[in-house]
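# sequence? don't have it. structure:
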């Protein structure tokens with residue numbers, strides 16, 4: 001009697017990975033604000049990446065006869081600015097710079113902070129004292145004022161914005177990384193790894209980092225939205241992107257001269273700044289829920 005043919009079993013590891021992924025997505029999906037924010041941000045990012053193909057016109061083309069044209073003007077869905085340039089086109093192209101100013105310095109600051117925070121938190125001693133005292137000096141200044149001071153000493157431009165924002169973020173993220181490292185290094189499995197002969201580098205890479213990335217990633221995600229606002233503020237003050245290049249901050253700044261007669265020039269980029277910043281905050285909360293081990297067991 002022959003055995004009935006059975007379908008081959010999938011490796012247990014693959015099944016566990018698929019089940020774990022499903023649980024993670026389920027924990028994230030339960031936070032509706034985070035899920036909506038994710039799709040909204042994906043839409044904004046894809047729109048800015050596709051700017052050369054979907055923008056109605058060139059962001060620098062000006063029609064003098066249509067200066068301050070209101071929304072709904074033929075060929076100008078969201079109106080025109082004070083120079084007769086299409087607001088919608090400049091919103092799409094400006095999103096590239098605004099998102100870059102929010103994401104790039106936040107990620108760079110996170111990477112630097114992971115190095116500083118794990119080293120100071122794990123080894124302690126004079127290394128901890130020197131690094132943290134230097135960061136405390138930066139931490140003593142309000143974030144926005146410190147960013148303005150740094151940007152004001154350099155040549156205005158995109159790189160200046162990125163550098164200024166990265167520097168002001170390092171103390172905030174480093175404190176979180178250090179405190180998380182101090183908590184993790186006291187756990188029993190770290191002592192077991194030391195007893196097994198693991199080097200400090202192995203412990204930091206294989207045991208400490210995986211256990212501290214959850215709060216760090218979530219916190220950095222929420223900071224991206226705030227940094228978009230800070231970057232827009234630097235551009236508004238003339239310390240960031242310079243005309244005729246556009247980001248949402250410079251668009252708000254350009255619109256202030258015609259705020260009473262053509263408020264749409266300021267309103268549309270201002271709304272985008274607010275929505276994208278809130279979306280990153282909600283996304284950070286969703287990532288916290290998704291990456292929280294307690295959420296995985298639900």
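Yep, it's here. Note that the structure is a prediction, hence the values are computed from the model and not measured.
# pLDDT weak spots in the stretch 1-150 of the chain?
Low-confidence segments of the stretch 1-150 of the chain, defined by pLDDT under 70: 1-29.
# can we see that at 90?
Within the stretch 1-150 of the chain, the stretches with pLDDT under 90 are 1-35, 51-52, 55-70, 72-77, 79-84, 121-129, 131-144.
# can you map out the helices along it?
With helices called from DSSP state H, counting those that start in this stretch, the stretch 1-150 of the chain shows them at 12-29, 32-49, 51-54, 87-123, 125-139, 143-152.
# Now do the second one and helix 87-123, the angle between them.
Between the direction of helix 32-49 and that of helix 87-123, the angle (axes from the mean of the first three to the mean of the last three Cα atoms, to 10 degrees) works out to 120 degrees.
# Helix 32-49: which residues count as buried?
34-35, 37-38, 40-41, 44, 48 (16 or more other Cβ atoms under 10 Å). In short, each C-beta sits where N, CA and C put it, glycine included.
# out of these, which one sits closest to residue 176?
residue 34 (20.2 Å; Cβ to Cβ).
# Tell me the pLDDT of the nearest residue to the closest one once chain neighbours are set aside.
Nearest in space to residue 34, with sequence neighbours left out and distances taken as Cβ to Cβ, 6 or more residues apart in numbering, is residue 286 at 2.3 Å. Note for residue 286: predicted pLDDT of 81.
# again with residue 181
Value for residue 181, per-residue pLDDT: 90.
# coming back round to it: quick one: the buried residues of helix 32-49 as CSV, columns for distance to residue 123 too.
Putting these into CSV (distance: Cβ to Cβ, whole Å) gives the following:
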residue, distance to residue 123
34, 36
35, 40
37, 38
38, 38
40, 42
41, 38
44, 42
48, 42
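# dump the residue contacts of residue 280.
Neighbouring residues of residue 280 by Cβ atoms under 8 Å, 6 or more residues apart in numbering: 37, 41, 102, 221-222, 224-225, 228.
# Tell me which of the helices of the stretch 1-150 of the chain approaches residue 60 most closely.
Using Cβ to Cβ, those put helix 87-123 closest to residue 60, at 8.9 Å.
# shouldn't residue 89 be in contact with residue 56?
Yes. Applying Cβ atoms under 8 Å, one finds residue 89 in contact with residue 56, separated by 5.4 Å.
# Looking at the two now, which is surrounded by more residues?
residue 89 (23 against 15; other Cβ atoms under 10 Å).
# so the residue nearest the centre of the chain is in which element?
In the chain, the residue lying closest to the centroid (Cα atoms, centre = their mean) is residue 224, at 2.8 Å. Using DSSP states H and E, residue 224 sits within helix 209-236.
# Run the angle between whichever helix or strand comes after that helix and helix 209-236 for me.
Using DSSP H and E, the helix or strand that follows helix 209-236 towards the C-terminus is helix 248-255. Interaxial angle, helix 248-255 versus helix 209-236 (the same axes, to 10 degrees): 20 degrees.
# counting contacts, what elements does helix 248-255 pack onto?
helix 87-123, helix 209-236, helix 264-291 (3 or more Cβ pairs under 8 Å, 6 or more residues apart in numbering; DSSP states H and E).
# Including distance to residue 199, could the ones you listed go into TSV?
Listed next are these as TSV, based on distance: least, Cβ to Cβ, whole Å:
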stretch	distance to residue 199
helix 87-123	12
helix 209-236	14
helix 264-291	27
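# So which of the ones you listed is nearest residue 71?
Of the helices and strands packed on helix 248-255, the one closest to residue 71 (Cβ to Cβ) turns out to be helix 264-291, at 5.4 Å.
# Distance from the chain centre to the helix holding residue 224, please.
Here the centre of helix 209-236 is set off from its chain's centre by 5 Å, with Cα atoms, centre = their mean, to the nearest Å.
# Also compute the angle for that helix relative to helix 143-152, please.
Using the same axes, to 10 degrees: helix 209-236 against helix 143-152 is 70 degrees.
# Next, the angle from helix 209-236 to helix 264-291.
Using the same axes, to 10 degrees: helix 209-236 against helix 264-291 is 170 degrees.
# Pull out the buried positions in helix 209-236.
209, 211-216, 218-236.
# Stretch 147-164 now?
For stretch 147-164, a neighbour-count test (16+ other Cβ under 10 Å) marks 147-148, 150-151, 156, 158, 160-164 as buried.
# Tell me how many other residues crowd residue 183.
The burial count for residue 183: 12, using other Cβ under 10 Å.
# Of the contacts of residue 280, which is the nearest to residue 139?
Scanning those for proximity to residue 139, where the rule is Cβ to Cβ, the winner is residue 222, at 17.8 Å.
# Correct me if wrong: that closest one contacts residue 278.
No. Taking contacts as Cβ under 8 Å, residue 222 lies outside contact range of residue 278: 10.4 Å.
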